[in-house]
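Asks: Any chance you can model this:
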Amino acid sequence: MLRSRRLEPVREVASHAEEQAAQALGAGETRLTQARARLGELQRYEREYRVALQERTAAGIGIGELRAFQTFIAKLGEAVAQQALLVGRASDERDALRERWRPVRRPACRARAATRARVRRAACPATSSWRCSRR
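Replies: So this is what the prediction gives:
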């Protein structure tokens, strides 16, 4: 049996492991992107409500409405802090997934490169010039 045929199951396993790790990394990237987007939204809402409070205060505001604004802004601040923690966790998770993906990726890349090299060598006759092997 040809060596390339014997190594085919190994290449398939390496390729499958790489695909799984890449999919997990992609999902981690998506979660991080979504968490960052949500954080940006919450920060924007908080800024908007702070500006609205300043405008209302300048125009004259009742104590009940002032307290309601302050309470709501405080809750938004808590939500921003919680979301910032989620962004940090999502970033850590993505980094861990990337570290798991890197070692799996390298052998799969080497296996594909070796296969391409064997195909090139097989396509070039033994008497061909040096250039044929460098394509």
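Asks: all helices in the protein, in order from the N-terminus.
Replies: With helices called from DSSP state H, the chain shows them at 3-59, 63-123, 130-133.
Asks: how about the residue nearest the centre of the chain, what does it touch?
Replies: By Cα atoms, centre = their mean, the mean C-alpha position of the chain lies nearest to residue 29, the distance being 1.9 Å. Listed by Cβ atoms under 8 Å, 6 or more residues apart in numbering, the contact set of residue 29 reads residue 94. To be clear about C-beta, it is placed using only N, CA and C from the backbone, and glycine gets the same treatment.
Asks: Please tell me how far it sits from residue 90.
Replies: Separation of residue 29 from residue 90 (Cβ to Cβ, to the nearest Å) stands at 9 Å.
Asks: circling back to that earlier point, now mean pLDDT too, for the helices of the chain, in a markdown table please.
Replies: Output for the helices of the chain, formatted as a markdown table (pLDDT from 0 to 100):
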| stretch | mean pLDDT |
| --- | --- |
| helix 3-59 | 88 |
| helix 63-123 | 86 |
| helix 130-133 | 52 |
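Asks: what's in contact with stretch 72-81?
Replies: 39, 42-43, 45-46, 49-50, 53.
Asks: What about residue 14, how many residues nearby?
Replies: 20 (other Cβ atoms under 10 Å).
Asks: what does residue 42 give?
Replies: 19.
Asks: Could you find the closest non-adjacent residue to it?
Replies: residue 80 (4.8 Å; Cβ to Cβ, 6 or more residues apart in numbering).
Asks: how far away is residue 103 from residue 21?
Replies: 9 Å.
Asks: Which residue of the two possesses the greater neighbour count?
Replies: Remark: of residue 103 and residue 21, residue 21 carries more neighbours, 19 against 10, as counted by other Cβ under 10 Å.
Asks: Surely that one is in contact with residue 99?
Replies: No: using Cβ atoms under 8 Å, residue 21 is not in contact with residue 99, being 10.1 Å away.
Asks: Distance check, residue 46 against residue 86.
Replies: In terms of Cβ to Cβ, residue 46 sits 16 Å off from residue 86.
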